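**Q** How does the following fold in three dimensions:
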Amino acid sequence: CPPDAARLSGLPAADGGIVHALRALHISRPAVPLSDQATVVHGGVWPARERRVHALGARLQLRGAHHDVYILRLVQQGVKIMSTPKEIFLELIRPDGQPERQLRQYEALHMCLTDPCNTYLRGNRKRGTTSKDRWGTTILFPEDAPGPMPDTREGLAVCPDITRWRETVHAPDLEAACTEGWEACRAEARAACGPDHLLAGFMGTGIFEQCHFLMGFEDTLTNLYAHPDEMHALIDYITEYRLTYVRMLIDNLQPDVIFSHDDWGTKNALFMKPEMWREFFKEPYRRFYGYIRSRGVIAIHHADSYLVPIVDDMVEIGIQVWQGVLPENDIPALQRHLNGRLTLMGGFGAAIDRKDAVPEEILTYARDVLRRDCPGGHFIPSITYGLAGTVYPHVDTYLNQAIDEYNAVLHVPDMHLPPVPRRSVHAAAAQTAPA
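**A** Prediction:
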């Protein structure tokens, strides 16, 4: 780097006028010249600093700052030019966090799906096939489905009689089956993740889902009413299994995040009354997420469901990010209610993920979601599916384009003011009036 590059950067020169600790960081940016970008208060780029560093581009032989922008990180001087996806995510989960831009869906997370446990449990699930999992459940995975589903019809249920569940339900022995391959998996995952992303350990099929994978959906809900003692016992058994699973994952993969699935509702309602969810599932999940948090790992819960009646419970049991938030949950109202206690990730529903969806329709849909949900803060715009990507890849492309466009213009955050002002002119006058 020539001596005059230091002057252009506005930083003092070092080692005889040579700033030698510059490195290029590749950041995906919208196709907008930097000179055309406005100053951003919330949810976008910081062009003044970018333009200052961009002036060094020709001398440092960096690529043009249009779609793919190279931002210089002044390592030696300790000056942060732009936050990494990891840093933005960590800022988002702070109650008072103010990230500099919106994340592009899952960009902050590197999801590890190749750990020995996940490979053992789900490695035979392939799109377009039928298989059996380690619990003995038949799994269907149609070509056009966003994910696999259990088949418990026509006598296929593993647990046809809840009163005799101990005779037919046998959890996989992960400690015996998943002892090898961790070191190589961890090294590969960390290398792929890099320093700018968070490594996420994946855990599918949560406690409620495991129940209906074993006995069918209707029987699961019926048994909560008809056989509560047996259901409590089965749920405790599944919880112990998942605690063993997550302990092995944290001990051996050493992730930054645990990404756990369990759908608790439809798009418009919970599967059960809130009181019943609290009776059967709240305490098991308090143990599960409490353990994750006690290990210093971030807790993300996936549920593409309507969960408004239990959202305060989700905060209470230790969930930090709710991924899969459907638009039917009224995201702006949730943001006002939560006030930073829970980060919401979702907003892009499955309805837009269609083969016949055209670019302008996708962009219009995504822009409306961003306009409505981003100003409330603590929000990551994303498809509501429990893994990155859409069924039809072109949809993902245009969702990301809309986020890039949103990040390129000025946005002001919502201000959550109290419904009743703390002070008023009349109150102040009454306090200062002579007795």
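**Q** Only C-alpha atoms from now on, for both contacts and neighbour counts.
**A** Fine.
**Q** Nearest residue to the middle of the protein?
**A** Nearest residue to the geometric centre of the chain (C-alpha atoms, centre = their mean): residue 323, 4.7 Å.
**Q** what about that residue, distance to residue 316?
**A** Distance, residue 323 to residue 316, by C-alpha to C-alpha, to the nearest Å: 16 Å.
**Q** State the helix or strand in which residue 110 lies.
**A** Here residue 110 sits within strand 109-112, counting by DSSP states H and E.
**Q** Now find how far off-centre that strand is within its chain.
**A** 10 Å (C-alpha atoms, centre = their mean, to the nearest Å).
**Q** on that earlier part again, wait, isn't the residue nearest to the centre of the chain in contact with residue 349?
**A** No - between residue 323 and residue 349 there is no contact under C-alpha atoms under 8 Å: 11.9 Å.
**Q** so what sits against both of these two?
**A** Common contacts of residue 323 and residue 349 (C-alpha atoms under 8 Å, 6 or more residues apart in numbering): residue 384.
**Q** quick one: buried residues of the one helix or strand residue 361 maps to?
**A** Using DSSP H and E, residue 361 sits in helix 359-373. Buried residues in helix 359-373, counting neighbours by 16 or more other C-alpha atoms under 10 Å, are found at 362, 363, 365, 366, 367, 369, 370, 373.
**Q** dump the residue contacts of the residue lying closest to residue 148 once chain neighbours are set aside.
**A** Leaving aside its sequence neighbours, residue 148 sits nearest to residue 141 (C-alpha to C-alpha, 6 or more residues apart in numbering; 4.3 Å). Counting by C-alpha under 8 Å, 6+ apart, residue 141 makes contact with 125, 126, 127, 128, 129, 130, 147, 148, 149.
**Q** Compute the distance between the nearest residue to residue 157 once chain neighbours are set aside and residue 206, please.
**A** Spatial nearest neighbour of residue 157, chain neighbours left out: residue 215 (5.1 Å); criterion: C-alpha to C-alpha, 6+ apart. Going from residue 215 to residue 206 by C-alpha to C-alpha gives 14 Å.
**Q** in the chain, what secondary structure element scores lowest on mean pLDDT?
**A** strand 22-28 (a mean of 34; mean pLDDT, DSSP states H and E).
**Q** coming back round to it: Provide a list of residues in contact with the residue nearest to the centre of the chain.
**A** Contact partners of residue 323, counting by C-alpha under 8 Å, 6+ apart, are 300, 301, 302, 303, 304, 344, 345, 346, 384, 386.
**Q** Strands - which of the residues you listed land there?
**A** 300, 301, 302, 344, 345, 346 (DSSP state E).
**Q** relative to helix 359-373, how tilted is the host helix or strand of residue 334?
**A** Secondary structure from DSSP H and E places residue 334 in helix 331-338. Interaxial angle, helix 331-338 versus helix 359-373 (axes from the mean of the first three to the mean of the last three C-alpha atoms, to 10 degrees): 20 degrees.
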